[in-house]
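Novice: Structural data only, the sequence is not supplied:
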């Protein structure tokens, strides 16, 4: 039997749906504008005539970007970085959050470690000491320079430990009675029940590492070590015409910097747009349960 809606309910729902529709349009229009600019004729894009559909359909910008095989190398670096960062972050966050989620009776120094984590969250290191730390650890020019400095996210630890605290303690007590140790309780009870928050944190890690470009500029020694974002940023900022033939130079001259920037944004958005729908069902429940402390 359906629920009868009153007149006020219908008006309220209409207002809510209207606001949500407006927000969706506001979010979608810039994306369509970027896509249209990347597919438009160079002159029309430079003149600012493009709105949400391409004018003078052209794929020259994408051809200009992909004509250099180095972009495949940069994409490989980015995918390798994301995979390593995801594995390392998830392992370290779970191992840090599990003991911190225990009561003070079980882990007396919990408060001290929490203050240390919060302090590092509020007062992060600047670029210069971070660079020299990476240099002294002999990681410059390696993939680990892009992964290790951000391997532990303090905010992710807080989300995870709060989620662990929301798991009924009776499950752990019954497992302890059956003889399960801390590792078994973590791997067979807490981790399987924490898929929503783990998917949420995984999304944060993937997006953060995929979109990062500045650390590639300061930690990578050669262009072969650049992640995709750093490589495309350099491609847009400065063209190196000395290593290209006449046809390639003509191709680059036929595209505008605005179209090339838009194409860069489209290329870098595709992996995230592909991954996000699969994690969306976990995202809302994970972020809500992980941010609320009982």
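Specialist: Right, received. Where do you want to start? What you see is a predicted model, and the numbers here were worked out from it, not measured in a lab. Residues are numbered from 1 along each chain as shown.
Novice: Give me the number of neighbouring residues for residue 167.
Specialist: By other C-beta atoms under 10 Å, 15 other residues sit near residue 167. C-betas here are computed from N, CA, C, even on glycine.
Novice: pLDDT value on the closest residue to it other than its chain neighbours, please?
Specialist: Of all residues not flanking residue 167 in the chain, residue 193 sits nearest, at 5.6 Å (C-beta to C-beta, 6 or more residues apart in numbering). pLDDT, residue 193: 87.
Novice: How much space separates residue 193 from residue 164?
Specialist: With distances taken as C-beta to C-beta, to the nearest Å, residue 193 is found 9 Å from residue 164.
Novice: neighbour-wise, which of those two wins?
Specialist: Set side by side, residue 193 and residue 164 show unequal neighbour counts under other C-beta under 10 Å, the larger going to residue 164 at 23 against 16.
Novice: For the helix or strand where the more buried one lies, name the packing helices and strands.
Specialist: Under the criterion DSSP states H and E, the helix or strand holding residue 164 is helix 154-166. Taking 3 or more C-beta pairs under 8 Å, 6 or more residues apart in numbering; DSSP states H and E as the contact definition, the neighbouring helices and strands of helix 154-166 are helix 70-100, helix 110-122, helix 195-211, helix 257-291.
Novice: Look at residue 142 and give its secondary structure.
Specialist: The three-state label given to residue 142 by DSSP: H, G, I helix; E, B strand; the rest coil is coil.
Novice: okay, now the nearest residue to it once chain neighbours are set aside: neighbour count?
Specialist: For residue 142, ignoring the flanking residues on the chain, the nearest one in space by C-beta to C-beta, 6+ apart is residue 225 at 7.8 Å. One way to gauge burial is a neighbour count; for residue 225, by other C-beta under 10 Å, it gives 20.
Novice: Quick check, pLDDT for residue 225.
Specialist: pLDDT recorded at residue 225 is 87.
Novice: That one contacts residue 140, correct?
Specialist: No: using C-beta atoms under 8 Å, residue 225 is not in contact with residue 140; the gap is 9.3 Å.
Novice: Name the residue closest to the centre of the chain, please.
Specialist: For the chain, the residue whose C-alpha lies nearest the mean C-alpha position (C-alpha atoms, centre = their mean) is residue 207; its distance is 1.0 Å.
Novice: Any figure for the gap between it and residue 154?
Specialist: Distance, residue 207 to residue 154, using C-beta to C-beta: 17 Å.
Novice: ok, the residue nearest to residue 142 - contacts?
Specialist: Listed by C-beta atoms under 8 Å, 6 or more residues apart in numbering, the contact set of residue 225 reads 77, 141, 142, 143, 216.
Novice: What residues sit buried inside the helix or strand encompassing residue 24?
Specialist: For residue 24, the enclosing helix or strand under DSSP H and E is helix 7-38. Residues 34, 35, 36, 37, 38 are the ones in helix 7-38 that count as buried (16 or more other C-beta atoms under 10 Å).
Novice: what pLDDT does the fourth one get?
Specialist: Turning to residue 37, the model gives it a pLDDT of 88.
Novice: Leaving out chain neighbours, which residue sits closest to it?
Specialist: Leaving aside its chain neighbours, residue 37 sits nearest to residue 262 (3.9 Å; criterion: C-beta to C-beta, 6+ apart).
Novice: ditto for residue 102
Specialist: Closest residue to residue 102 apart from its sequence neighbours, by C-beta to C-beta, 6+ apart: residue 110 at 6.7 Å.
Novice: got any ranges where the stretch 101-250 of the chain has weak pLDDT?
Specialist: Low-confidence regions of the stretch 101-250 of the chain, defined by pLDDT under 70, span residues 235-250.
Novice: quick one on the thing from earlier: helices or strands up against the helix holding residue 24?
Specialist: Using 3+ C-beta pairs under 8 Å, 6+ apart as the contact test, the elements touching helix 7-38 are helix 257-291.
Novice: Appreciated, that's everything.
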